[in-house]
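S.K.: When you get a sec, could you give me coordinates for this:
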Amino acid sequence: MDSPDTIPFQSFIQIDRKSNTAIYLQIVTQMINAIQRQYLYKGMKLPGTRVLSKILNVNRNTLVLVYEELASLGWIEIIPNKGTFILAKEENVVNRIKNTTPVRYTTYPNSTGFRFKKSMILDSPFETPTYSFILNDGSPDLRLLPIQPLAKLYSTSLKRKKNIDWAFHESKDFFKSHLSNFLNLTRGLHITKKNMLVARSIETCLYISSEILISPGDKVIVGELSYFLPNMIFQKAGAQLLTVPIDKEGILIEPLKHLCKKNKIRMIYLTPHHHYPTTVTLSAERRIALLELSIQYGFIILEDDYDYDFNYTNSRTLPLASADKDGMVVYIGSFGRSLAPGFRSGFIIAPQNLIHEMNKLLGIIDRQGDVFMDLSLGEMIEEGEIYRHLKKSTYIYKERRNSLTHLLSHHFKNEIRFTPPSGGLATWIEWNSPINLMQIRENCKKENIFIPKSLLYQSKKVTALRMGFGNFSTNELEMIVEKLKLCTY
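M.R.: Sure, this is the predicted structure:
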């Protein structure tokens with residue numbers, strides 16, 4: 001047996017003193033690694049903590065912690081008055097590394113040893129800066145969350161023994177039943193739970209829809225200005241994107257007809273309630289024309305109603321899905337968008353045969369879901385808490401929209417044009433003459449305000465900013481607009 005003093009510890013234990021990982025954990029990890037590789041074999045006696053601390057040039061107390069950790073994990077055995085011994089597969093191969101170059105095991109490999117597919121399409125444009133104020137494309141204010149009701153519902157759901165015993169499909173059915181009633185009441189739909197798929201997010205719903213509905217080479221129509229994330233998902237599925245211009249009443253019908261005559265269109269994706277990014281609402285006349293065209297040319301209408309819950313007028317425009325009699329509309333939405341991210345849920349509404357097929361895909365990418373969250377959200381609808389929260393938060397968001405409208409009109413006067421949105425949590429602002437938006441972005445950074453690149457739209461035709469107002473108070477909006485004005489000229 002090799003003497004403990006002859007074991008070349010420095011050849012397989014390398015300490016990085018600049019690492020955030022504690023030194024004793026670095027040593028523990030590398031000792032386990034050496035045992036697994038059979039550099040240290042079963043029955044081998046390790047040096048005492050005093051001796052090994054000198055070899056590795058660390059404090060003896062560090063080695064005491066190392067040995068205690070290894071012993072608790074079952075890698076070594078400490079026998080009083082005899083020593084410390086390895087408890088691993090017996091195979092004396094320590095000589096294998098006596099003369100080798102030192103190897104570091106404190107870091108994980110930087111790259112794979114094999115090839116894999118890489119995607120340029122899915123490169124994320126999202127940025128994660130650290131500024132006092134970060135503009136967004138229309139996020140709710142988490143400070144308005146009904147924390148106590150949410151916590152109570154979730155806690156109660158966890159404590160009920162029957163809920164723990166509930167099967168996955170039973171909890172989903174409970175939520176779907178209440179959600180379908182909620183959608184029928186608020187959006188003029190005529191559905192049951194059999195027409196619904198529920199997923200963790202609206203992005204998951206978009207992905208499932210693209211995987212089921214799109215084949216490589218299919219032509220998909222989007223707005224000339226549209227949301228980059230769905231476009232990325234469609235392109236990943238192999239779709240060829242075609243664009244249709246947008247005006248103050250939504251997509252233009254004549255250019256759409258022209259595309260349909262010249263191409264076999266598989267699907268059109270749109271956000272008709274508040275078009276992304278311009279926030280305009282698709283007019284009633286164009287809605288009828290769009291439904292008629294879908295029947296005539298056989299294309300799918302993928303309707304994304306991401307912010308239907310926020311409405312500031314006395315009248316509300318119902319979804320295209322509410323007027324669909326021929327099964328041409330697949331309706332996607334989000335429930336609980338005004339709640340915390342973890343309490344939100346995406347859904348797809350479609351005829352039963354399509355939902356059946358989509359559930360097959362959901363079953364392999366997120367079979368379990370969140371049983372307790374489903375039960376909590378279902379109870380939130382059942383007890384009326386969601387109605388109370390939406391009424392209260394919508395009133396506050398309307399005040400903030402009005403405040404932003406006043407501030408923009410006051411500070412920018414004739415320099416910009418915008419129409420106060422009828423709903424949603426963002427405003428579309430266009431400059432009347434071209435300016436350098438990227439320079440404004442850099443100037444705002446100096447004022448501790450960050451504008452993500454994804455909010456800026458600049459081309460020969462348009463110079464615009466999509467500005468969310470939902471998550472800022474009226475005082476915060478006032479400061480932001482004042483500084484935006486300062487940074488513009």
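
S.K.: pretty sure Ser11 is in a helix, no?
M.R.: Yes - residue state for Ser11 (DSSP: H, G, I helix; E, B strand; the rest coil) corresponds to a helix.

S.K.: So it versus Lys54, what's the distance?
M.R.: 16 Å (CB to CB, to the nearest Å). In this view, the C-beta of every residue, glycine as well, is placed from N, C-alpha and C.

S.K.: which one of the two has more residues nearby?
M.R.: Between Ser11 and Lys54, counting by other CB atoms under 10 Å, Ser11 is the more crowded of the two (16 against 12).

S.K.: Return the per-residue confidence for that one.
M.R.: Per-residue pLDDT puts Ser11 at 81.

S.K.: ditto for Ile435
M.R.: At Ile435, pLDDT is 93.

S.K.: swap in Glu447?
M.R.: pLDDT at Glu447 comes out at 94.

S.K.: same thing with Glu170?
M.R.: 64.

S.K.: and if you look at Asn475?
M.R.: At Asn475, pLDDT is 96.

S.K.: could you say which helix or strand contains it?
M.R.: In this structure, Asn475 sits in helix 474-488 according to DSSP states H and E.

S.K.: counting contacts, what elements does that helix pack onto?
M.R.: Contacts defined by 3 or more CB pairs under 8 Å, 6 or more residues apart in numbering; DSSP states H and E place helix 474-488 against strand 133-134, helix 385-412, helix 437-446, strand 449-450.

S.K.: Quick check: buried residues in the second one?
M.R.: Meaning helix 385-412. For helix 385-412, burial by neighbour count (16 or more other CB atoms under 10 Å) applies to 385-386, 389-390, 393-394, 397-398, 400-401, 403-405, 407-408, 411-412.

S.K.: With stretch 476-488 instead?
M.R.: 476-481, 483-484, 487-488.

S.K.: Identify the residues contacting it?
M.R.: 133, 135, 400, 403-404, 407-408, 411-412, 415, 435, 440, 443-444, 446-447, 449, 469, 472 (CB atoms under 8 Å, 6 or more residues apart in numbering).

S.K.: Run the chain-centre distance for it.
M.R.: Relative to the centre of its chain, stretch 476-488 is centred 29 Å away, using CA atoms, centre = their mean, to the nearest Å.

S.K.: Please give me every residue in contact with Ser376.
M.R.: 150, 153-154, 157, 343.

S.K.: Out of the residues you listed, list just those in helices.
M.R.: Of the positions in those, 150, 153-154, 157 sit in helices, assigned by DSSP state H.

S.K.: Looking at those residues, spot the one nearest Phe299.
M.R.: Using CB to CB, Leu150 is the member of the ones in helices among the contacts of Ser376 that sits closest to Phe299, with 40.2 Å.

S.K.: what about that closest one, distance to Ile386?
M.R.: With CB to CB as the criterion, Leu150 and Ile386 are 10 Å apart.

S.K.: Domains in the chain, by residue range?
M.R.: The chain breaks down by automatic domain parsing into domains covering 4-97, 133-142+388-488, 160-383.

S.K.: related to what we said a few turns ago, how about the helices and strands packed on helix 474-488, which one is nearest Leu225?
M.R.: helix 437-446 (14.4 Å).
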